[in-house]
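Chemist: Any chance you could fold what I've pasted below:
(chains A and B)
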Protein chains: 2
Amino acid sequence: MADGRLERQFAFLAEADSLKTVLRRSPLNDGSRSENSAEHSWHLAVTALVLAEYAAPNVNVPHALALIAIHDLVEIDAGDTFAYDATAQATRVFRERSAAERVFGVLPTDQTPQLRALWEEFEDGATPEARFANAVDRLQPLLQDIHAGGGTCRNQTRFEVLQRMAPVETALPRVWPAVLEAIDAFSAAGVLRPSA
Amino acid sequence: MADGRLERQFAFLAEADSLKTVLRRSPLNDGSRSENSAEHSWHLAVTALVLAEYAAPNVNVPHALALIAIHDLVEIDAGDTFAYDATAQATRVFRERSAAERVFGVLPTDQTPQLRALWEEFEDGATPEARFANAVDRLQPLLQDIHAGGGTCRNQTRFEVLQRMAPVETALPRVWPAVLEAIDAFSAAGVLRPSA
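Modeler: Take a look at the predicted model:
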């Protein structure tokens, strides 16, 4: 390819393909296999579009779609870190920052900071779009868990699940009652681990 | 769930999950399995962000991300229609319109036309964003085919591949030489079927 710039962009897109093989703990709704991080990212985009009406009025939903498309790319190197694995979560930021260095570094030099900025924005959670995207990223696995009759919530405490879902309360307050209802149903069904 | 509106939105999101089980003809770059339409849709979003600089100046890339997120949802019912299967392509529009009726109909009544409009816009290809999204939807499988040493292009004629890729020439003219280069390489390697 004569154009080195396009070659680097295509190389980045080939790297991105690997996210389709990064498995998460959530099963598909049909229980056939684990969800991967690429299809999870797509499902978040659809969730964001469907639940846009519950976002704060200052949320630019299309910009949130850009954050969502990029938010898990670092998992190509860092793998998916299970939400309720406190030990792995403790090293997540360090591992994902190293991954970001390499993965976004595949792009043409001037484009590296542009795409990395979308990932940083999602991680920092400081903009309305990042808060909305983070809430969607917490809610979608819960919806999968409901279909799985517990899923990733199984054997977590009520406190741990509430803490994990907190971004939904902040960014999608009108959806929060449905989250509480699901957690109550998990409690009633013995899915959650009693607190010490 | 007390709120019937949110219940219908969650039901739609559960329907969307099925797109993760709709298989395409393209293999993943590592050759381990076929790509599914959900992760393909995500890969298009990343491709759109990376190649945004080649889009016409009037393309609103974030809006294109919304079109991309929705564009294959009808495949939940209609399945993926192989690009080079002329017989299946002949019935695709009819099958996908029936699918759109049912799938978008799962949403709350007022939201059905909103999300369906995104799909219609992509299909009609009349807006700058739809032309850009369609070009990305043609280009990404070609990039996968390059990694597969032929992939879905194998045993197609040069004319058929050029015809399939034509939206790239229109919407991403500066990327078009790389497409021609890939097709030439396929010709040289005997991947393509000689024309009658």
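
Chemist: can you give me the helices for chain A?
Modeler: Per DSSP state H, chain A carries helices over the ranges A:4-16, A:37-50, A:61-70, A:75-78, A:86-104, A:112-124, A:128-147, A:158-171, A:176-188.

Chemist: Make JSON lines from the ones you listed and add mean pLDDT and distance to residue B:184 to it.
Modeler: Bear in mind the C-beta positions are built from the backbone N, C-alpha and C, glycine included. JSON lines is the format used below for the helices of chain A (pLDDT from 0 to 100; distance: least, C-beta to C-beta, whole Å):
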{"stretch": "helix A:4-16", "mean pLDDT": "97", "distance to residue B:184": "16"}
{"stretch": "helix A:37-50", "mean pLDDT": "98", "distance to residue B:184": "30"}
{"stretch": "helix A:61-70", "mean pLDDT": "98", "distance to residue B:184": "31"}
{"stretch": "helix A:75-78", "mean pLDDT": "96", "distance to residue B:184": "31"}
{"stretch": "helix A:86-104", "mean pLDDT": "94", "distance to residue B:184": "30"}
{"stretch": "helix A:112-124", "mean pLDDT": "98", "distance to residue B:184": "30"}
{"stretch": "helix A:128-147", "mean pLDDT": "97", "distance to residue B:184": "41"}
{"stretch": "helix A:158-171", "mean pLDDT": "97", "distance to residue B:184": "50"}
{"stretch": "helix A:176-188", "mean pLDDT": "97", "distance to residue B:184": "54"}
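
Chemist: Would you mind giving the ones you listed as TSV with mean neighbour count and distance to chain B added?
Modeler: Formatted as TSV, these follow (neighbours: other C-beta atoms under 10 Å in any protein chain shown; distance: least, C-beta to the nearest C-beta, whole Å):
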stretch	mean neighbour count	distance to chain B
helix A:4-16	18	5
helix A:37-50	26	4
helix A:61-70	25	3
helix A:75-78	21	11
helix A:86-104	15	11
helix A:112-124	18	7
helix A:128-147	23	6
helix A:158-171	17	12
helix A:176-188	16	6
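
Chemist: So for residue B:63, which of the ones you listed sits nearest?
Modeler: Nearest to residue B:63 among these is helix A:61-70; the distance by C-beta to C-beta comes to 5.6 Å.

Chemist: Check which helices and strands that closest one is in contact with.
Modeler: The criterion is 3 or more C-beta pairs under 8 Å, 6 or more residues apart in numbering or on different chains; DSSP states H and E, and the helices and strands that helix A:61-70 contacts are helix A:37-50, helix A:112-124, helix A:128-147, helix B:37-50, helix B:61-70.

Chemist: before we move on, back to that, among the helices of chain A, which comes closest to residue B:15?
Modeler: Of all those, helix A:37-50 comes closest under C-beta to C-beta, at 9.9 Å.

Chemist: Convert the closest one to PDB, retaining C-alpha atoms only.
Modeler: Output in PDB follows, covering the C-alpha atoms of helix A:37-50 (Å, rounded to 0.1, in the frame of the first residue of the first chain):
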ATOM      1  CA  SER A  37     -16.300  -7.500  24.300                       C
ATOM      2  CA  ALA A  38     -16.800  -6.500  20.700                       C
ATOM      3  CA  GLU A  39     -20.500  -7.500  20.500                       C
ATOM      4  CA  HIS A  40     -21.000  -6.200  24.100                       C
ATOM      5  CA  SER A  41     -19.700  -2.800  22.800                       C
ATOM      6  CA  TRP A  42     -22.300  -2.900  20.000                       C
ATOM      7  CA  HIS A  43     -25.100  -3.900  22.400                       C
ATOM      8  CA  LEU A  44     -24.200  -0.800  24.500                       C
ATOM      9  CA  ALA A  45     -24.600   1.400  21.400                       C
ATOM     10  CA  VAL A  46     -28.100   0.100  20.800                       C
ATOM     11  CA  THR A  47     -28.900   0.400  24.500                       C
ATOM     12  CA  ALA A  48     -27.700   4.000  24.400                       C
ATOM     13  CA  LEU A  49     -30.000   4.800  21.500                       C
ATOM     14  CA  VAL A  50     -33.000   3.100  23.000                       C
END
